[in-house]
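S.K.: just the structure for this:
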Amino acid sequence: MNTTTTPRRPRRLLPHPVLSLFMLALWLLLANQISGGHLVLGALLAWFIPFVTQSFWPQEMTLGRPWVALKFVFLVLWDIVIANVIVAKWILGSPKKLKPAFMKIPLDLEQDFSITVLASTISLTPGTVSADLSPDSRYLLVHTLHTEDPAETVATIKQRYEAPLKEIFECSTS
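M.R.: Got it, this is the predicted structure:
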């Protein structure tokens with residue numbers, strides 16, 4: 001009988017501080033006001049959720065480059081606004097002009113968390129959705145509502161989203 005087990009990370013009181021700060025900020029944005037009650041409730045949720053779910057995280061989440069992360073968040077928000085306008089034009093125009101496509105994006109990302117953030121970012125941007133991840137996690141299947149050149153779209157996704165995520169989550173901070 002094999003009694004060896006894989007070592008478990010010890011439970012930490014604040015397992016993901018950056019995630020907790022992000023969750024608090026997101027809570028305050030959703031509440032649309034800053035008050036003592038919302039600060040306390042947001043802080044409790046921002047602590048409690050990562051604390052309870054820390055055993056489900058396969059890897060330690062580290063934020064290697066906080067300024068790149070901040071720039072990435074603003075880039076994604078900007079892309080969401082612009083994509084909304086573009087998709088509205090497509091939808092209000094002639095649907096026959098749309099050229100939907102599935103694209104297979106080769107991934108340079110290796111960690112599950114950074115791949116998840118990339119897939120979520122793609123799906124948050126109107127007009128694109130992450131459809132599948134290959135079993136070996138080397139390719140992401142993405143559907144786009146309209147693309148003239150799938151190869152160019154793949155290159156844009158890799159440059160705008162994947163490269164910063166690799167720098168944020170997978171590069172050492174040495």
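S.K.: buried stuff in stretch 104-112?
M.R.: Residues Ile105, Leu107, Leu109, Gln111 are the ones in stretch 104-112 that count as buried (16 or more other CB atoms under 10 Å). Yep, even glycine has a C-beta here, placed from its N, CA and C like the rest.
S.K.: identify, from the residues you listed, the entry nearest to Pro150.
M.R.: Ile105 (9.9 Å; CB to CB).
S.K.: can you give me the helices for this structure?
M.R.: Assigned by DSSP state H, the helices in the chain fall at 17-31, 36-53, 66-92, 112-124, 150-157, 163-169.
S.K.: follow-up on the earlier one: in a markdown table, list the buried residues of stretch 104-112 along with distance to Glu170 and pLDDT.
M.R.: As requested, these are exported to a markdown table (distance: CB to CB, whole Å; pLDDT from 0 to 100):
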| residue | distance to Glu170 | pLDDT |
| --- | --- | --- |
| Ile105 | 16 | 97 |
| Leu107 | 11 | 96 |
| Leu109 | 7 | 94 |
| Gln111 | 6 | 86 |
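S.K.: identify the farthest-apart pair in those residues.
M.R.: Distance extremes for these: the farthest pair is Ile105 and Gln111 at 16.2 Å, using CB to CB.
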